[in-house]
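Novice: Next one to model:
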Amino acid sequence: MAEFHESDFSVLNVEVDSQIFFEDDYDSILGQLIAHVVNTEGPVRTDVLTKRIARVHGWARTGARIQSRIVGLAQGKYPTSKEDVGLFYWPMGSNTSRFSAFRHPCNETVRPVDEIALPELISLACELRRRQHFEDEAAAVLAMAHAVGLQKLRTASRHRLSRAWRDSMNYNETL
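Specialist: Coordinates of the predicted model:
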């Protein structure tokens, strides 16, 4: 079973320096940080990507200027998919319409449903569909919410999981 892990920047051999964050000379460091997040967590929504980079620099907030800087460096380098919840960056060479296996939460790391790309949620639905039969969509959605690690299923999450469940019916079992 695949597991989701947040980016661990300690594995990189880079010197993070918030004082020169906006300077051109810092592009290569930011590029390495961005690549690490995208390759570790991708598909990763834009705001999550920028939050990870901001936090490693010691910033609690991610303003428009910081986001613009990060997106400017990531744009065009990675495949993307646009969803109603935002833009997702995928690792190089990814097929943005399919995801091989849902990454289950580990170490109490629970991702909100809107931070998980739809193809990954569809992969979860396919996994559950292979393992068991559900009486109806509502039961399947509850099983998906449990697998994601949700304690409470809110309306927006229910709709997103329902969509993934319905969309999974159109996928063949070769995921």
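
Novice: count of residues packed around the closest residue to Ala60 other than its chain neighbours?
Specialist: Closest residue in space to Ala60, ignoring its immediate chain neighbours: Ala54 at 8.0 Å, by C-beta to C-beta, 6 or more residues apart in numbering. Where C-beta positions appear, they are placed from N, C-alpha and C, glycine not excepted. Residues within reach of Ala54, counting by other C-beta atoms under 10 Å, total 20.

Novice: pretty sure Ala54 is touching Ala64, no?
Specialist: No - taking contacts as C-beta atoms under 8 Å, Ala54 lies outside contact range of Ala64: 11.8 Å.

Novice: The residue nearest the centre of the chain pairs with what?
Specialist: Centre of the chain computed as the mean C-alpha position; nearest residue by C-alpha atoms, centre = their mean is Val44, 3.2 Å away. Under DSSP bridges, the beta-bridge partners of Val44 are Tyr89.

Novice: wait, what's in contact with it?
Specialist: 37-38, 52, 88-89, 115 (C-beta atoms under 8 Å, 6 or more residues apart in numbering).

Novice: okay, it: pLDDT?
Specialist: If you check Val44, the pLDDT there is 98.

Novice: what does Gln151 give?
Specialist: Reported pLDDT for Gln151: 88.

Novice: So it, which state does it fall into?
Specialist: coil (DSSP: H, G, I helix; E, B strand; the rest coil).

Novice: what's the neighbour count on it?
Specialist: Gln151 - counted by other C-beta under 10 Å - has 7 other residues nearby.

Novice: Over to Pro112?
Specialist: 16.

Novice: how close does it sit to Arg160?
Specialist: 10 Å (C-beta to C-beta, to the nearest Å).

Novice: in which helix or strand would I find Ala147?
Specialist: helix 137-148 (DSSP states H and E).

Novice: Pull the distance from that helix to the chain's centre.
Specialist: Distance of helix 137-148 from the chain centroid (C-alpha atoms, centre = their mean, to the nearest Å) equals 19 Å.

Novice: helices or strands next to it in the packing?
Specialist: Helix 137-148 makes packing contacts with helix 118-131, helix 155-168 when contacts are defined by 3 or more C-beta pairs under 8 Å, 6 or more residues apart in numbering; DSSP states H and E.

Novice: Show me the contact partners of that helix.
Specialist: Contacts for helix 137-148 (C-beta under 8 Å, 6+ apart): 102, 104-105, 110-111, 113, 116, 121, 124-125, 128-129, 132, 134, 153, 157-158, 161-162, 164-166.
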